[in-house]
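K.L.:
give me coordinates for this.
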Amino acid sequence: MDLELIRIDVSDHVALVTMDAPPVNAQNAQFNVEMAYVMDTLSDRADVRSVVLTGAGKIFSAGADIKARGNMGDPGEKWQHNRRARESYHSIRECTKPVVGALNGAALGAGLAVAASCDILVAAEESALGLPEIDVGLLGGGRHAQRLFGHSTLRRMMLTGYRVPGPELYRLGIVEACVPRDQVVAEARKIAETIAAKSPAAIRLAKQSLNVIEDLSLRDGYRYEQNMTVQLSTHPDSKEAMQAFVEKRKPNFEG
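P.N.:
This next block holds a predicted model:
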């Protein structure tokens, strides 16, 4: 697929994915299709072990492109729009490689959904997460925001349009770091590089396990993790990790 709104740059097993839809990285049908394609492609690329996702310019993503909703009256289009949107977010969550979101600016509405679908977040001081749909006669994003925020804050966001700024995101433990905008990608890359140095097989199963157990009971979730541990223990990378630990050397993973 020829990409027009999303860029990919890969180096040292880390893919830098940049949403580049000027001026505010608003999401339309093409954006949603490209996002799903990019994440599915990265899932299969052996040269990629982790991903950094960010936005070009000063906005992470301002959300859905309201101007692109003009044909919603066409039969089936509103359902197709919803399907494309949710699958683009799920493609991030379901990517087999961990995704570190680098919030370079505001992530609003559908932009918040993209951010909440990442595995780990770091934020620029100038960034914010918000659900402004209430101000344009729409709804959405509450379930994604529920993965990040507590009851009262979430309802304040959804019912008033309140935007939670970067420093407050850090105070609440929503993001792992809050740095100046020009440092946010580098900060995210540090985490991505740490992940990329681990066993790809172990990381893949760890992310899969985290996704599955999110909605399971303690008993079922832990049993699932135990089963994944048994599966991983038969992989050559597991044996190499143990041997390297004993020999006090850096492991050499097969991937």
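K.L.:
next, the buried residues of stretch 37-55.
P.N.:
By neighbour count on 16 or more other C-beta atoms under 10 Å, the buried set for stretch 37-55 is 38-39, 41-42, 48-55. For every residue, glycine as well, the C-beta is placed using N, CA and C.
K.L.:
wait, residue 20 sits on residue 6?
P.N.:
Yes. Counting by C-beta atoms under 8 Å, residue 20 does reach residue 6; the two are 6.6 Å apart.
K.L.:
the two: which is more packed in?
P.N.:
Neighbour comparison, residue 20 and residue 6: the larger count goes to residue 6, with 22 against 15 (by other C-beta atoms under 10 Å).
K.L.:
which non-adjacent residue is nearest that one?
P.N.:
In space, and not counting its chain neighbours, residue 6 is closest to residue 34: 4.7 Å by C-beta to C-beta, 6 or more residues apart in numbering.
K.L.:
before we move on, which element is that neighbour in?
P.N.:
Under the criterion of DSSP states H and E, residue 34 resides in helix 29-44.
K.L.:
again with residue 122
P.N.:
Residue 122 is part of strand 120-124 when elements are defined by DSSP H and E.
K.L.:
equivalent analysis for residue 194, please.
P.N.:
With DSSP H and E as criterion, residue 194 is part of helix 184-196.
K.L.:
just to revisit the earlier point, tell me how far the residue nearest to residue 6 lies from residue 147.
P.N.:
23 Å (C-beta to C-beta, to the nearest Å).
K.L.:
next one: residue 182
P.N.:
28 Å.
K.L.:
comparing the two, which residue is more hemmed in?
P.N.:
residue 147 (14 against 9).
K.L.:
which residues touch the closest residue to the more buried one other than its chain neighbours?
P.N.:
Of all residues not flanking residue 147 in the chain, residue 116 sits nearest, at 5.1 Å (C-beta to C-beta, 6+ apart). Contact partners of residue 116, counting by C-beta atoms under 8 Å, 6 or more residues apart in numbering, are 89, 144-145, 147-148.
K.L.:
same deal with residue 12?
P.N.:
Counting by C-beta under 8 Å, 6+ apart, residue 12 has contacts 193, 196.
K.L.:
what does residue 146 give?
P.N.:
residue 154.
K.L.:
ok, residue 221 touching residue 213?
P.N.:
Yes. Between residue 221 and residue 213 there is a contact under C-beta under 8 Å: 3.5 Å.
K.L.:
list the helices and strands the strand holding residue 122 packs on?
P.N.:
Packing partners of strand 120-124 (3 or more C-beta pairs under 8 Å, 6 or more residues apart in numbering; DSSP states H and E): strand 99-103, helix 166-171, strand 178-179, helix 184-196.
K.L.:
mind listing what's buried in the second one?
P.N.:
Applying a neighbour-count criterion of 16+ other C-beta under 10 Å, one finds 166, 168-170 buried in helix 166-171.
K.L.:
give me the domain ranges for this structure.
P.N.:
6-196, 200-247 (automatic domain parsing).
K.L.:
take the ones you listed and lay them out in TSV including distance to residue 254 and mean pLDDT.
P.N.:
Formatted as TSV, the domains of the chain follow (distance: least, C-beta to C-beta, whole Å; pLDDT from 0 to 100):
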stretch	distance to residue 254	mean pLDDT
domain 6-196	11	95
domain 200-247	5	92
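K.L.:
hey, which of the ones you listed is tucked in deepest?
P.N.:
Stretch with highest mean neighbour count among the domains of the chain: domain 6-196 (a mean of 19; mean count of other C-beta atoms under 10 Å).
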